[in-house]
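A.B. asks: heads up, no residue letters with this:
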């Protein structure tokens, strides 16, 4: 009995400690946000460039930390796709550093005049971009998000509180230390980009509660369960990043060579990213010419096919697809393939099963492309291009904090502009309202 009481007391004390730490992070972030809101671009860019230098110099330490994270997940039996998202190497660390430099090179959105006009009474009105304030980012697996999210929040004038998963904790700490070096070199508050210093799940709950009003918006990046929890519990606005059940249509007008190239790239370039292809829809009119070559290419790339009756009849090595396969984000070398009667049927399938993330069509028929663009309501639509381009960096945004699949405020890649709000600035010459 006493042991149980002691354990309960200890758990309660740990919870109180976590909440106290989180409240302190929130207060510090709010103070830092006030500084960042008026920091000049040159100072912010210097911090990012110095952080990039620090990352390159710290590559051995970062890889050592990452190796410990990866080893722990391997011991736990994590899936290969999960391990790939977690793993860093010299090339990936360099990509993180280059990403910071790319964000530094982007225009500063803060203070940008979005629109301006003059009223008949002489009032001059302008709509001007302003920071959101403090952004909480909750993410899993990918340690690069520490730098990407921190830098994007920072460049757009916001303070960031980053809560990575326990699986990438050591890697994220090593990367975050480099961001702090950049902030120090530029003479900006170290608390402009903070990493939650605990893996205690209570920290997530505290962030969702808003940290006593300090957090202005939450961005979740992770699996369905994380996003569901955030949306259910958050007391502050959320930029929802739902699963990427991405579709590609091979229209009857598609060029076969292009289709073979794009499908393999969309599925197999990196299977563990949210823009990876998960369902392929093939027009029945071109099954005889297009289906088997595409499936053979996927098989050669070690992709498992789960297909409908037509697919399994043409490729006896394919596995029969279930209803659940059309609703699954595999994040693995598995692809669901369905033969559809026509474009109408393809669009109906997308309307039924899409997560509103990314869809693509391979077609030469302009009318089919126009219908696809006009009738599919997803955040990102591509024509004759791989779904793996669903990425803020590939859009010229210098990176992204996530792909927002909702429709309020931000949609698609969330970059610098999407991490700002605006206010109206009205200039008069003594006008009064009658």
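C.D. replies: Received the coordinates, thanks. On a predicted model such as this, the values are computed, not experimentally measured, just so you know.
A.B. asks: isn't there a helix covering residue 184?
C.D. replies: Yes. Residue 184 forms part of a helix when assessed by DSSP: H, G, I helix; E, B strand; the rest coil.
A.B. asks: which residues does the nearest residue to it once chain neighbours are set aside contact?
C.D. replies: Nearest residue to residue 184, sequence neighbours excluded (C-beta to C-beta, 6 or more residues apart in numbering): residue 190, at 6.3 Å. Glycine gets a C-beta too; all of them are placed from N, C-alpha and C. The contact partners of residue 190, taken as C-beta atoms under 8 Å, 6 or more residues apart in numbering, are 180, 183, 184.
A.B. asks: the closest residue in space to the first one that isn't next to it in sequence and residue 21: what is the separation?
C.D. replies: Distance criterion C-beta to C-beta, 6+ apart; nearest residue to residue 180, sequence neighbours excluded, is residue 190 at 5.2 Å. From residue 190 over to residue 21 the distance is 16 Å, taken as C-beta to C-beta, to the nearest Å.
A.B. asks: with residue 59 instead?
C.D. replies: Taking C-beta to C-beta, one finds residue 59 at 30 Å from residue 21.
A.B. asks: next up, phi/psi of the residue lying closest to residue 168 once chain neighbours are set aside, please.
C.D. replies: The spatial neighbour of residue 168 that comes closest, neighbours along the chain excluded (C-beta to C-beta, 6+ apart), is residue 143 at 4.4 Å. Residue 143 has phi and psi values of phi -70, psi -20 when expressed as degrees, to the nearest 10.
A.B. asks: check contacts around the residue positioned nearest the centre of the chain.
C.D. replies: Taking C-alpha atoms, centre = their mean, the centroid of the chain lies closest to residue 402, which sits 2.1 Å from it. By C-beta under 8 Å, 6+ apart, the contact list for residue 402 reads 149, 219, 220, 221, 239, 241, 413, 414.
A.B. asks: let's see that with 6 Å instead.
C.D. replies: Counting by C-beta atoms under 6 Å, 6 or more residues apart in numbering, residue 402 touches 219, 221, 241, 414.
A.B. asks: same question, residue 35
C.D. replies: So residue 35 contacts residue 189 (C-beta under 6 Å, 6+ apart).
A.B. asks: roughly how far apart are it and residue 417?
C.D. replies: 21 Å.
A.B. asks: show me where pLDDT drops low in the stretch 151-300 of the chain?
C.D. replies: Applying pLDDT under 70 to the stretch 151-300 of the chain flags residues 242.
A.B. asks: ok so, going back, surely the residue nearest to residue 168 meets residue 172?
C.D. replies: Yes. With contact defined as C-beta atoms under 6 Å, residue 143 and residue 172 form a contacting pair (5.0 Å).
A.B. asks: in the stretch 101-250 of the chain, which spans are strands?
C.D. replies: With DSSP state E, counting those that start in this stretch as the criterion, the stretch 101-250 of the chain has strands at 113-118, 124-131, 134-139, 159-163, 193-195, 217-221, 246-250.
A.B. asks: got a markdown table for the ones you listed, with mean neighbour count too?
C.D. replies: What follows is the strands of the stretch 101-250 of the chain, written out as a markdown table (neighbours: other C-beta atoms under 10 Å):
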| stretch | mean neighbour count |
| --- | --- |
| strand 113-118 | 11 |
| strand 124-131 | 17 |
| strand 134-139 | 28 |
| strand 159-163 | 28 |
| strand 193-195 | 25 |
| strand 217-221 | 25 |
| strand 246-250 | 28 |
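A.B. asks: format those as CSV; extra columns: distance to residue 331.
C.D. replies: Below are the strands of the stretch 101-250 of the chain laid out as CSV (distance: least, C-beta to C-beta, whole Å):
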stretch, distance to residue 331
strand 113-118, 37
strand 124-131, 33
strand 134-139, 15
strand 159-163, 21
strand 193-195, 25
strand 217-221, 13
strand 246-250, 11
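A.B. asks: so which of those gets nearest residue 355?
C.D. replies: Nearest to residue 355, of all the strands of the stretch 101-250 of the chain, is strand 246-250, at 8.1 Å by C-beta to C-beta.
A.B. asks: if we go by neighbour counts, what in the very next helix or strand once past that closest one is buried?
C.D. replies: Next along the chain after strand 246-250, taking DSSP states H and E as the criterion, comes helix 256-268. For helix 256-268, burial by neighbour count (16 or more other C-beta atoms under 10 Å) applies to 259, 260, 262, 263, 264, 265, 266, 267, 268.
A.B. asks: now for helix 256-268, which elements pack on it?
C.D. replies: Applying 3 or more C-beta pairs under 6 Å, 6 or more residues apart in numbering; DSSP states H and E, we find helix 256-268 packed against helix 292-300.
A.B. asks: got the buried residues for the helix it packs on?
C.D. replies: Result for helix 292-300 [16+ other C-beta under 10 Å]: buried residues 294, 295, 297, 298.
A.B. asks: strands paired with the helix or strand just after it, and their directions?
C.D. replies: Downstream of helix 292-300, the next assigned helix or strand under DSSP H and E is strand 304-307. As defined by DSSP bridges, the strand partners of strand 304-307 come to strand 319-320 (parallel), strand 334-340 (parallel).
A.B. asks: now do the first one: distance to the chain's middle.
C.D. replies: A distance of 31 Å separates the centroid of the chain from that of strand 319-320, by C-alpha atoms, centre = their mean, to the nearest Å.
A.B. asks: which of the strands paired with strand 304-307 sits closest to residue 110?
C.D. replies: Among the strands paired with strand 304-307, the nearest to residue 110 by C-beta to C-beta is strand 334-340 (42.5 Å).
A.B. asks: can you check what angle separates the closest one from strand 246-250?
C.D. replies: Computed with axes from the mean of the first three to the mean of the last three C-alpha atoms, to 10 degrees, the direction of strand 334-340 lies at 40 degrees from that of strand 246-250.
A.B. asks: now tell me what touches strand 334-340 from outside.
C.D. replies: 267, 279-282, 284, 287, 303-308, 310-311, 321, 325-326, 346.
A.B. asks: quick one: distance of it to the chain centre.
C.D. replies: 25 Å.
A.B. asks: tell me where the stretch 1-150 of the chain has helices.
C.D. replies: Listed in chain order, the helices of the stretch 1-150 of the chain (DSSP state H, counting those that start in this stretch) span 2-36, 41-57, 59-75, 80-86, 90-105, 144-155.
A.B. asks: how about a markdown table for the ones you listed, with distance to residue 249 added?
C.D. replies: A markdown table is the format used below for the helices of the stretch 1-150 of the chain (distance: least, C-beta to C-beta, whole Å):
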| stretch | distance to residue 249 |
| --- | --- |
| helix 2-36 | 44 |
| helix 41-57 | 39 |
| helix 59-75 | 36 |
| helix 80-86 | 24 |
| helix 90-105 | 31 |
| helix 144-155 | 30 |
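A.B. asks: done for today, thanks.
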